[in-house]
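In: how does the following fold in three dimensions:
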Amino acid sequence: MPPKLVPARSIPTNSTGKKTQITPKSNPKKFTKRNSRMGNMDVNDDKRIPENPEINEEDQDDMYQNPYQRREREWTEEELNQKMPTKVLQPNNPNSPNNFTQFSFKDRVFKMDEMVDQMVIHFAYDGEFIYKESPEYDIQEAIKENREALIKEAKNAMTADDLSAHKEADTEEGLKKLKRTLRNKFNYNERQSQTVNEVIRERGVSTQPPPMKRLNLELNLWDVWDSYINEFNKVSTEGETSKAQVKEKPEKSDNSLYSVSFKRCLKIMERMVVQNEQQEQYWDYKYYFTEKDMPDISNSEGSLLPIWRITSEKQRKKHVTSICWNPRYSDFFAVGLGSYHFNRQAGQGYICCYSLKNTTYPEYFFTTPKGVMALDFHPKSPALLAVGLYDGTVMVFDIRSKHKKPIYQSTVRTMKHTEPVWQIFWNPDNSKNYSFYSISSDGRVTNWVLMKNKLEPEDIMKLKLVADTHGEDGGNLIGLACGLCFDFNKFEPNTFLVGTEEGKIHKCNLSYSGQYQYTFEGHIQAVYKVRWNYFHPRTFISASADWTVKIWDTKSPGPVMSFDLGTQVVDVSWAPYSSVVFAACTLEKVLVYDLEYDKVGKRGETKQPKQSKLTNIAFSPKDPVILVGDDHGGVTLFKLSPNLTPNLVKVPKSDEKKIGPDGKPIETKPDPKAPIEPPTPEQIAAEEEQKMEKILALVGKFDKDDL
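Out: Residues are numbered from 1 along each chain as shown. Model prediction:
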């Protein structure tokens, strides 16, 4: 332990008047004050310790022995026997935060930091005293002695020079020599002058900032390698094309047969030939059901008229796994071809884009390394087509491109799905970058963002297994659920439904990716399709392998309506023009229901003529037609009868109000022969929403009566 510092005491004087230094009996160690400038300063200086002649030497020694005297208190027996409360002192800082979090770039989450600094410094002061026997004191004294010795030598040298100069100055030659050699060697004062500083004035000009763009990239060795390989391939291909152009220059006059304009003319000619050959089908497509037939069949069952069966040679050994209409061109649709035979997945997949102007051959044809399982066109950029494959890869094609290769493709490095991708849905929000969602059997719902050169994945939901509330086993389940389908709400873009292989339907939200908002239970087998209603924000429909189609309301925990079709239901879809019309597809037939006409039975039905099994259906967004795919690679187009199409709201034009002589308008009856205006989309949406509300209220009333 360091020696204690004792208070300063007065220094007595002897008979000669000089100060004497008195050391205590305990012989404490001496301390000296740290001198930064190496000056002479002692602790026993008169200015720091004043004299006090009234205190004797013996009293001073007693002060050093007992500087503080304590008065002991007398305790009673009751106080001595009383138990003292125990107190636990913990070296914790009460002001330190206990919930300090940091972002972990490894796990991509915020983690709590349990290591909290509990040290608190209440007072800190650098001392001015050092121990005389310490090495620091020896170094300080050595520096001081060194400096004094140097000063002394300099003074001695100056005095020696002055003496020699005086001796030589006594003679004339010595004086001249002194003036020549000792010029400017005398004590002088340094002189300086202060000049006038110029006044500095700041002048600024406000300009518009230049356009800036933020670019964030993650770079690794693989990216550098790929960039070098791409540059090398580009240079090599440019060299080959330049050589080919040099060789083909003389034959330029004969290449007019292969020009783009000539191909376009051939395509138009082919369409004209096909339309002349299939004139009856085109007349049926346009004029088979007219408005004159409405009064005769309004109260009867509907019908579906088959018009075309669209197929090609390469499609016959494949299954139609997905059908998607183009959002801009009402006669254009894409067909995805793969295989539902999971033990026989060897081979390529195909994407065929057809136009109703030419049903004999696809307008565009793309090949994929594995079978195609899902398709979707971008709602605002109809040339972009997102594709999901059986091996978990997602791709984006630009159908306008000539090289017929995907412009984006997921890989193992970009965290592609490990199992088949069952459905794809484009994100309608294009405020930042284009993106689309995908669902797979590996239990992940992923958002893929189209960056500059790659797809950036982001898992928005991992489907956790949920125990059956009605079953006996209520323990926690480990693993991820197998997702088969999903759909986003048109009225709430962040809300979406997920159908799983376990028969559960989970309501999820993009803002709460860690848990389900609600789980709807009603199916006992896999849910193959789930769809939100186009006009009602709370209603959705589901198709399952348990032979049923169920209609749900988000306010009700169970299904509102259920339809037993007697066989496996592979697909279901709402009509885009009515809130009460939907179509269900089984392995053998297509059934169309109209809840306003019949709340129990079907209104229209059609069977597959050949020995093939149906796989998919898709309503046209603008025309009263429906596409049905089968397992032989064919797509059949059916036209719906007028009683299965919407009853449009007819609003007659109101006559102009006539004003009488008194300035008030004259009431006039509407003219029944006045032309009828087509309804607005707002009027159609309001009427269809009221239809579904009436049906839900009626079904709810029946449920209360049954209870």
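
In: which of the helices and strands in this protein ranks last by mean pLDDT?
Out: When the helices and strands of the chain are scored by mean pLDDT, DSSP states H and E, strand 651-652 comes last with a mean of 40.

In: so where's the stretch 101-250 of the chain uncertain?
Out: 161-193, 240, 242-250 (pLDDT under 70).

In: can you show me the strands along it?
Out: Taking DSSP state E, counting those that start in this stretch as the test, the strands found in the stretch 101-250 of the chain are 101-104, 109-112, 129-131.

In: quick one: contacts for the closest residue to Tyr408 other than its chain neighbours?
Out: Spatial nearest neighbour of Tyr408, excluding adjacent residues (C-beta to C-beta, 6 or more residues apart in numbering): Val396 at 4.0 Å. Any C-beta I mention is one placed from the backbone N, CA and C, and that applies to glycine too. Shown in contact with Val396 (C-beta atoms under 8 Å, 6 or more residues apart in numbering): 384-387, 406-409, 436, 450, 455.

In: any idea how far Phe332 is from Val396?
Out: As judged by C-beta to C-beta, to the nearest Å, Val396 and Phe332 stand 18 Å apart.

In: and Ser438, how far from Leu375?
Out: 12 Å.

In: sorry, back to before: give me whichever of the strands of the stretch 101-250 of the chain is most buried.
Out: Greatest average neighbour count among the strands of the stretch 101-250 of the chain goes to strand 129-131 (a mean of 14), per mean count of other C-beta atoms under 10 Å.

In: okay, now the sheet partners of that strand, with direction.
Out: Using DSSP bridges, the strands paired with strand 129-131 are strand 31-33 (antiparallel).

In: quick one: average confidence on the partner strand?
Out: Averaged over strand 31-33, pLDDT sits at 45.

In: before we move on, what about stretch 339-350?
Out: In this model, stretch 339-350 has a mean pLDDT of 82.

In: can you check stretch 549-566 too?
Out: 90.

In: next: stretch 479-486.
Out: Computed over stretch 479-486, the mean pLDDT rounds to 88.

In: make residue 1 into 589 and carry on from there
Out: From this message on, residue numbering opens at 589, which makes the last subject stretch 1067-1074.

In: that stretch: which residues count as buried?
Out: Neighbour-count burial for stretch 1067-1074 flags 1069-1074 (criterion: 16 or more other C-beta atoms under 10 Å).

In: then that stretch to CSV, C-alphas only?
Out: Only the C-alpha atoms of stretch 1067-1074 are listed here, as CSV (Å, rounded to 0.1, in the frame of the first residue of the first chain):
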residue,chain,number,x,y,z
GLY,A,1067,-40.4,-28.1,-39.1
LEU,A,1068,-42.0,-26.0,-41.9
ALA,A,1069,-45.3,-26.5,-43.6
CYS,A,1070,-45.5,-27.2,-47.3
GLY,A,1071,-47.0,-24.2,-49.1
LEU,A,1072,-49.0,-24.9,-52.2
CYS,A,1073,-50.8,-21.7,-53.1
PHE,A,1074,-51.3,-18.1,-52.0
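
In: who's in contact with Asp1218?
Out: Taking C-beta under 8 Å, 6+ apart, one finds 907-908, 1196, 1198, 1200-1203, 1224 in contact with Asp1218.

In: what do you get if the cut-off is 10 Å, keeping everything else the same?
Out: 897, 899, 907-908, 1175, 1196, 1198-1204, 1224 (C-beta atoms under 10 Å, 6 or more residues apart in numbering).

In: now a ChimeraX select for only the buried ones of those.
Out: Restricted to buried positions by 16+ other C-beta under 10 Å, the ChimeraX selection for these reads:
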select :899,907,908,1196,1200,1201,1202,1203,1204,1224
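
In: tell me which residues touch Arg932, please.
Out: Applying C-beta under 10 Å, 6+ apart, no residues contact Arg932.

In: where does it sit: helix, strand or coil?
Out: Classification of Arg932 using DSSP: H, G, I helix; E, B strand; the rest coil returns coil.

In: with Phe985 instead?
Out: Per three-state DSSP, Phe985 ends up strand.

In: helices of this protein, residue ranges please.
Out: Taking DSSP state H to define them, one finds helices in the chain at 645-653, 665-669, 723-756, 760-769, 809-836, 848-865, 867-875, 882-885, 1269-1294.

In: so for this structure, the centremost residue is which one?
Out: Glu1046 (6.0 Å; C-alpha atoms, centre = their mean).

In: now that residue. Nearest residue, chain neighbours left out?
Out: Counting by C-beta to C-beta, 6+ apart, the nearest residue to Glu1046 once its immediate chain neighbours are dropped is Asn1035, at 4.6 Å.

In: contacts only, for the one you found.
Out: Listed by C-beta under 10 Å, 6+ apart, the contact set of Asn1035 reads 1015, 1023-1026, 1044-1049, 1098, 1101.

In: give me that answer again for 7 Å
Out: 1023, 1025, 1046, 1048 (C-beta atoms under 7 Å, 6 or more residues apart in numbering).

In: can you put those in TSV and add pLDDT and distance to Asp705?
Out: Below are the contacts of Asn1035 laid out as TSV (pLDDT from 0 to 100; distance: C-beta to C-beta, whole Å):
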residue	pLDDT	distance to Asp705
Ser1023	91	42
Tyr1025	93	44
Glu1046	90	35
Ile1048	90	37
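
In: narrow these to those in strands?
Out: Among the contacts of Asn1035, the members found in strands (DSSP state E) are 1023, 1025, 1046, 1048.

In: so which of these wins on neighbours?
Out: Per-residue neighbour counts (other C-beta atoms under 10 Å) across the ones in strands among the contacts of Asn1035 peak at Tyr1025, which has 23 neighbours.

In: what residues are up against that one?
Out: By C-beta under 7 Å, 6+ apart, Tyr1025 lies in contact with 1013, 1015, 1033-1035.
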